[in-house]
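Chemist: Please work out how this folds:
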Amino acid sequence: MRVTIREQIEQSNGIARDVHFAYFLALAVVIGFIESMIPILPVLPWLRIGISHAITVYIIITMGFRRAFAISLLRLIIVAVLRGSILSGGFILGCGGSIIAVCCMGIISLLRNNVSAVGISVTGAVTFNIMQLLLARYILGLAPLIFELMPLLILIGTGTGIITGIITQWLLLL
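Modeler: This is a model prediction of the structure:
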């Protein structure tokens with residue numbers, strides 16, 4: 001009988017669990033770094049699918065909120081250091097968006113029996129985008145006109161959240 005990675009994590013403790021954590025952190029950093037180098041659309045160079053967030057959703061489901069929160073923040077910091085963008089506007093927006101997204105995904109994951117990985121992921125993607133708009137307006141001081149992007153970013157967040165959720169569901173089957 002084949003044992004999935006998820007079952008291995010759930011059965012492990014101590015060092016084995018930490019090794020799984022480190023493995024997924026490294027994976028999230030590599031994916032996040034590569035993804036940060038590839039603009040999706042020339043008109044929206046800041047737009048990312050957020051594939052590294054699939055790791056965060058996976059960790060919320062398999063290891064819990066605290067480890068997912070740690071992976072999310074550590075990934076942001078490590079990628080920002082590697083790219084030389086630590087404490088930039090993009091870093092601040094990413095941190096704020098990630099913090100609120102992971103918190104909302106953590107709350108939604110408490111309903112895990114009724115919410116799929118796709119639902120958790122869409123929640124995170126949409127709240128991430130909304131928080132970034134709020135931070136862009138009130139911390140970076142962009143014009144109120146920026147809120148006109150809200151419907152577009154909710155739509156984009158829903159689409160990218162679905163993609164990330166599907167990737168997460170695939171990871172859960174491994």
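Chemist: any weak-confidence spans in this structure?
Modeler: 1-12, 39-47, 112 (pLDDT under 70).
Chemist: wait, what's in contact with the residue nearest the centre of it?
Modeler: Using CA atoms, centre = their mean, the residue of the chain that lies closest to the mean C-alpha position is His53, 2.9 Å off. For His53, the contacting residues are Ser72, Ala101, Ser121, Gly124, Ala125, Phe128, Thr164, by CB atoms under 8 Å, 6 or more residues apart in numbering. To be clear about C-beta, it is placed using only N, CA and C from the backbone, and glycine gets the same treatment.
Chemist: so the fifth one touches Thr168, yeah?
Modeler: No - counting by CB atoms under 8 Å, Ala125 stays clear of Thr168, with 11.6 Å between them.
Chemist: How about Leu82: what's its closest non-neighbour residue?
Modeler: Spatial nearest neighbour of Leu82, chain neighbours left out: Phe33 (5.8 Å); criterion: CB to CB, 6 or more residues apart in numbering.
Chemist: ok, that neighbour - contacts?
Modeler: Contact analysis of Phe33 by CB under 8 Å, 6+ apart lists Val79, Leu82, Arg83.
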